[in-house]
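Visitor: have a look at this prediction, sequence included:
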Amino acid sequence: EDQVTQSPEALRLQEGESSSLNCSYTVSGLRGLFWYRQDPGKGPEFLFTLYSAGEEKEKERLKATLTKKESFLHITAPKPEDSATYLCAVQAANDYKLSFGAGTTVTVRA
Amino acid sequence: NAGVTQTPKFRVLKTGQSMTLLCAQDMNHEYMYWYRQDPGMGLRLIHYSVGEGTTAKGEVPDGYNVSRLKKQNFLLGLESAAPSQTSVYFCASSYTSGEGSFGPGTRLTVT
């Protein structure tokens, strides 16, 4: 069974204080690993897909990396508008569904 | 494009009542999904569809039924609501399996 564990559960940062979120996973053959952002009261918003170990993707202050066992979402010099819950999900090679982690809630203080 | 829309946004049911949640997408996506989101548990897949006229069970299908009569619509039904079905329900769609576009969610409370 696919498993996704995100840590920490919550992260409080000062504006400009860079940090990283972790997503550890077990899956029988990875088709893709996905990162989403979710604001309170809204649906998840797609950020990145990573397909193979060593791959990296960037968007503004966010950078996602992937190894064979985990993915990191690095937030560089965060701003208050980066406050959100960040969700990680994996998809197995022989499956249609995404298995989600519980998320990391990031709060950035000005 | 409206993207993925969900109706209703909020609903309160009494135990044993039935209801249908409607999901509509205007992106011509083949794949559609229904998830529920509960505190500390992440998103869990209820049912999904890989094309018009098809449906399949996800991780937590018990107590729910779905239909995909039209490509753009995916309906989620609760025949006899239970308090354990209190949750936030999200619909998603995608062109191929993989990253999806999510709707805004339906907050359901069963008393």
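Guide: Sure thing, it's come through. Numbers count the residues shown, from 1 in each chain, chains lettered A, B, ... in the order given.

Visitor: going forward, measure contacts between C-alpha atoms and count neighbours the same way
Guide: Noted.

Visitor: by proximity to chain B, which residue of chain A wins?
Guide: A:Ala102 (3.9 Å; C-alpha to the nearest C-alpha).

Visitor: that residue in helix, strand or coil?
Guide: coil (DSSP: H, G, I helix; E, B strand; the rest coil).

Visitor: ok, how many other residues are close to it?
Guide: A:Ala102 has 24 neighbours, counted by other C-alpha atoms under 10 Å in any protein chain shown.

Visitor: so what's it scoring on pLDDT?
Guide: What the model reports as pLDDT for A:Ala102 is 94.

Visitor: list the helices and strands the one helix or strand in chain A whose mean pLDDT sits lowest packs on?
Guide: Every helix and strand in chain A was compared by mean pLDDT, DSSP states H and E; the lowest is strand A:99-100, with a mean of 92. In terms of contacts (3 or more C-alpha pairs under 8 Å, 6 or more residues apart in numbering or on different chains; DSSP states H and E), strand A:99-100 is packed against strand A:3-7, strand A:84-92, strand B:42-49.

Visitor: may I see those strands arranged in a markdown table, with mean neighbour count as well?
Guide: Below are these laid out as a markdown table (neighbours: other C-alpha atoms under 10 Å in any protein chain shown):
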| stretch | mean neighbour count |
| --- | --- |
| strand A:3-7 | 18 |
| strand A:84-92 | 25 |
| strand B:42-49 | 23 |
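
Visitor: closest one to A:Cys23 among the ones you listed?
Guide: For the helices and strands packed on strand A:99-100, proximity to A:Cys23 was assessed by C-alpha to C-alpha; strand A:3-7 is nearest, at 4.5 Å.

Visitor: so which residues on chain A come close to chain B?
Guide: A:32, A:34, A:41-46, A:49, A:91, A:96-103 (C-alpha under 8 Å from any C-alpha of the partner chain).

Visitor: try 7 Å
Guide: A:Phe34, A:Lys42, A:Gly43, A:Pro44, A:Glu45, A:Phe46, A:Tyr96, A:Phe100, A:Gly101, A:Ala102, A:Gly103 (C-alpha under 7 Å from any C-alpha of the partner chain).

Visitor: between the residues you listed, which has the most around it?
Guide: A:Gly103 (31 neighbours).

Visitor: pLDDT below threshold where in the chain?
Guide: This is for chain A. Nowhere does chain A drop to pLDDT under 70.

Visitor: that answer is for a different chain, and I need it for chain B
Guide: B:97.
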